[in-house]
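Q: sequence and predicted structure are below.
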Amino acid sequence: MNHQPDQERELTDHLTELRRRLMLSAFVVFAFFLMALPSVKYVLAYLQEDLVERGLELNAFGVADPLMIYLNLALIIGLIAASPFLLYQVWAFVAPGLHPNERKGTLAYIPIIFGLFLIGLAFAYYWLFPLVLDISTDLGQDLGLEQIIGANNYFTFLLQLTIPFGLLFQLPVVTMFLTRIGVVTPYFLSKIRKYAYFALFVVAAFITPPDLTSHLMVSLPLFFLYEISLSISRVAYKGVLRREKEAMVQEQMDLMKQMNEK
């Protein structure tokens, strides 16, 4: 029997569903982008407070810099605000292929992912960014350099510093998910700890200035985050073992029941 037409129809349905969700997601992001436009100037003023406190000001070196900063920041605000909806669309697309208990469990990840992302942004902006700014301005004064800060460079640097931390703070929930589906175990994470530390140390080097103090002050929280992820993996792995044991017991009971019926 030829199942080729059924497979092609199923693939077409999946592609149609994917296209529909992508278009819906793009519409929602655009809507949040429009709603963010009036608030951008207030956000920009808030983000410049650290500079004002240090007696510094921003300068636009390009004709289009103010417009591009305004639009880019509105887009970033729109993406962050729409991210729970976008995550839900990803979940809804893959949900039909999951078991009922997996659907409920993975759906609960959405608010956790969003919350951790915001915590990562807050950590980077309120703790790391002022630290880096202090080091940079103090170094400039020691070298006798007058800092003329470009607005485009300032906000680009700010985003390059904060967004990666929002993503790195997903490590605990990613670890929990991978443990639950059997990709990693706490024993494996413990075994590769020194390699993971080295990788995080390298990542910290890319998002901090070439200063040992700031490098360590970024690396240590990342190491702590890895240890939290390892602890979460241990808890999740115990749950995996418990469910496997319950499934094995249930299978044995069903087998004994079938044998008794015969």
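A: On my side now, so go ahead.

Q: low-scoring pLDDT stretches of this protein, where are they?
A: In the predicted model, the chain carries pLDDT under 70 at residues 1-8, 98, 101-102, 209-211, 244, 247, 254, 259-262.

Q: the same query, at a cut-off of 50, please.
A: 1 (pLDDT under 50).

Q: packing partners of the longest helix along it?
A: Across the chain, the longest stretch assigned as helix under DSSP state H is helix 212-261. With contacts defined as 3 or more C-beta pairs under 8 Å, 6 or more residues apart in numbering; DSSP states H and E, helix 212-261 has these neighbours: helix 129-142, helix 171-180, helix 186-191, helix 193-206. To be clear about C-beta, it is placed using only N, CA and C from the backbone, and glycine gets the same treatment.

Q: that helix vs helix 129-142, what angle?
A: 160 degrees (axes from the mean of the first three to the mean of the last three C-alpha atoms, to 10 degrees).

Q: can you give the distance from helix 212-261 to the centre of its chain?
A: Helix 212-261 has its C-alpha centroid displaced from the chain centroid by 21 Å (C-alpha atoms, centre = their mean, to the nearest Å).

Q: ok, the most centrally placed residue in the chain - contacts?
A: Nearest to the mean C-alpha position of the chain, by C-alpha atoms, centre = their mean, lies Leu167 at 2.9 Å. Listed by C-beta atoms under 8 Å, 6 or more residues apart in numbering, the contact set of Leu167 reads 117, 120.

Q: again, but for Phe30
A: Residues in contact with Phe30 (C-beta under 8 Å, 6+ apart) are Gly78.

Q: a helix runs through it, doesn't it?
A: Yes - counting by DSSP: H, G, I helix; E, B strand; the rest coil, Phe30 is found in a helix.

Q: ok, now how distant is it from Ile135?
A: Using C-beta to C-beta, to the nearest Å, Phe30 is found at 39 Å from Ile135.

Q: again, but for Met35
A: Distance, Met35 to Ile135, by C-beta to C-beta: 36 Å.

Q: show me which of these two is the more surrounded one.
A: Between Met35 and Ile135, counting by other C-beta atoms under 10 Å, Ile135 is the more crowded of the two (17 against 13).

Q: quick check, that one in contact with His215.
A: No - between Ile135 and His215 there is no contact under C-beta atoms under 8 Å: 10.4 Å.

Q: related to what we said a few turns ago, which one of the helices and strands packed on helix 212-261 is the most hemmed in?
A: helix 171-180 (a mean of 19; mean count of other C-beta atoms under 10 Å).

Q: output the contacting helices and strands for it.
A: Other helices and strands packing on helix 171-180, by 3+ C-beta pairs under 8 Å, 6+ apart, are helix 109-123, helix 212-261.

Q: reformat these as a markdown table; add mean neighbour count and distance to Gly144.
A: Converted to a markdown table, the helices and strands packed on helix 171-180 look like this (neighbours: other C-beta atoms under 10 Å; distance: least, C-beta to C-beta, whole Å):
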| stretch | mean neighbour count | distance to Gly144 |
| --- | --- | --- |
| helix 109-123 | 16 | 33 |
| helix 212-261 | 13 | 21 |
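
Q: sweet, I'm off.
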